[in-house]
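# sequence and predicted structure, then a few things I'm wondering about:
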Amino acid sequence: MTPPVSSNQIISSVAAFTPAWDRMVTLLFKPFDLGRWLRIGLCAFLATLGEMGAGGSGSGTNRSGSSRSGIFPQGFSEVESQAKRYLFENLAWIIPLIVFVVVVGLALTVLILWLRSRGQFMFLDNVATGRADVKRPWHENRMLGNNLFWFRLGLTVLTSLGALMLFGGGAMIGLPMLRAGEVNAGGVMALVFLGFVFAGLMLVSLVIGKLTTDFVVPVMWLRGTDWRAGWGEVGELLKARPGNFLLYLLFLILLSIVWGVVLIAVVLLTCCVAGCLLAIPYVGSVLLLPMTVFFRAFSLSFLAQFGPSWDVFQAPVPNG
C-alpha cells in the first residue's frame, strides 16, 4: 500500500522541467558516447514504434441540386451501380486480396503493439537507471511488457470497434442523402453529432494511452505489478490531484508545440535534409533521442513529486 498524497504537497509541471532536462543532458552528453546513443536509441525506437505516423481526413461540401452535380456528375446511383457491378465481376481476386490485406494489417498491428509494449519498459529502464542496456531490460521486463501489451490490444480493439460503429452509423445516414442527391437538416445534424462523438472517442483513447505511458508504466515497473494495479494506483493519484494532471497535459502540449516549431525550423534550415534523415526508421529515433529522453524524464520527474514511493530515479540499479 503506497502512502496517500498530502493535500499540501506541491505538484508542479513547470518544476519537472529542470530535472528532466538535467537527466537528459547527463544521460546523453556527459560524456557523449555514440555507442550509448545507439543502444538507447534502439530502446526509444521500440518504445515509440508506430507512434510517428500521422493520419488525416478531409471533408468537402456539396451544393444542393440535381443528382448529376458535384463530385458525381453522372449521379451517385449510377456510380454505386457501376461499383457493385465491378465488385461482383471481380470477386475471385477481390475477396482474397481483402482477406490478405486484413490479415497482414492485423498481424502488423499486433506485432507493433507487442514490440512497443516491451520497448516502453526497456526505454524507461534506461532513463530511470542511467544505463544504456538493450538485452537486460528486454528479458527482465518481459512479463511487464507482455501484460501491458494485452491492455494496449484491448484498448485498440475497443477504440476500433467504436469507430467502426460510428462510421457505420454515418454511412447509414449519409448514403440515402447521396442517392437522393440532396441533403436535409436532420441528416446533417446527425452526422455532425457522430463526428463529435468520434472526436471524443479518439480524445479519450489518446488520453488513456498517454496516461498509461507516462504514469502507469512507471508504476508497473516500480512495483512489478500488472496494468490493473498500476491503473488503480494512478487512478487514486488522479482523484487526489485532478487539476495537476490536467495542467500537466496542457503543459505537455505547449512543450510539444515548441519542440515542433524548433524541428520545423531545423528541417527548413537544412533544406529538408534533416527531414529525410528523420523519416528513416531508427535513424530518426537516434537523432531525436534528446527530445525522447527529455519527455520520458519529464513525466517521471512529475510523478516523483508525489513522493519517494513514486520516484523511479531512486529505484535500485540492476546488476549486470
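That came through, no problem. Note that the coordinates shown come from a computational prediction; the quantities given were computed from them, not determined experimentally.

# residues contacting the closest residue to Arg39 other than its chain neighbours?
In this structure, Arg39 finds its nearest non-sequential neighbour in Ala132, 4.5 Å apart by CB to CB, 6 or more residues apart in numbering. To be clear about C-beta, it is placed using only N, CA and C from the backbone, and glycine gets the same treatment. For Ala132, the contacting residues are Asp33, Gly35, Arg36, Arg39, Ile40, Asn126, by CB atoms under 8 Å, 6 or more residues apart in numbering.

# quick one: the fifth one from Val286, how far?
Applying CB to CB, to the nearest Å, one obtains 9 Å for the distance of Ile40 from Val286.

# how about the nearest residue to Lys210, chain neighbours excluded?
For Lys210, ignoring the flanking residues on the chain, the nearest one in space by CB to CB, 6+ apart is Leu249 at 7.3 Å.

# was I right to think the one you found contacts Leu206?
No. The pair Leu249 / Leu206 is not scored as a contact, 10.1 Å apart, by CB atoms under 8 Å.

# okay, the two: which has more neighbours?
In this view Leu249 and Leu206 are compared by other CB atoms under 10 Å, and Leu249 has more residues nearby, 14 against 11.

# in the host helix or strand of that one, what counts as buried?
Using DSSP states H and E, Leu249 sits in helix 242-269. Neighbour counts over helix 242-269 (16 or more other CB atoms under 10 Å) mark Asn244, Phe245, Leu247, Tyr248, Phe251, Leu252, Leu255, Val267 as buried.

# heading C-terminal from that helix, find the next helix or strand.
helix 273-278.

# name the residues that touch that next one?
Leu263, Val266, Val267, Val283, Gly284, Leu287, Leu288.

# hang on, the earlier thing: from the contacts of Ala132, which is closest to Gln9?
Checking the contacts of Ala132 against Gln9 by CB to CB gives Asn126 as the nearest, at 28.4 Å.

# wait, Ala289 sits on Leu42?
In this structure residue 289 is Leu, not Ala. No. Assessed by CB under 8 Å, Leu289 is found out of contact with Leu42, at 10.2 Å.

# now tell me what touches stretch 32-48 from outside.
Defining contact as CB under 8 Å, 6+ apart, one finds that stretch 32-48 is touched by 27-28, 115-116, 118-120, 122-126, 132-134, 137, 281-282, 285-286, 288-289, 292-293, 296.

# picking that back up, using JSON lines, lay out the contacts of Ala132 together with secondary structure and pLDDT.
Below are the contacts of Ala132 laid out as JSON lines (DSSP: H, G, I helix; E, B strand; the rest coil; pLDDT from 0 to 100):
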{"residue": "Asp33", "secondary structure": "coil", "pLDDT": "92"}
{"residue": "Gly35", "secondary structure": "helix", "pLDDT": "94"}
{"residue": "Arg36", "secondary structure": "helix", "pLDDT": "94"}
{"residue": "Arg39", "secondary structure": "helix", "pLDDT": "95"}
{"residue": "Ile40", "secondary structure": "helix", "pLDDT": "96"}
{"residue": "Asn126", "secondary structure": "helix", "pLDDT": "96"}
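
# residue ranges with poor pLDDT in the stretch 151-300 of the chain?
Scanning the stretch 151-300 of the chain for pLDDT under 70 picks out 181.

# how close does Thr109 get to Asp22?
Applying CB to CB, the value for Thr109 to Asp22 is 37 Å.

# first-to-last residue distance for stretch 25-39?
Its first and final residues considered, stretch 25-39 spans 16 Å by CA to CA, to the nearest Å.

# in stretch 219-232, which residues are buried?
Along stretch 219-232, these residues count as buried under the neighbour rule (16+ other CB under 10 Å): Val219, Met220, Trp221, Leu222, Asp226, Trp227, Gly230, Trp231.
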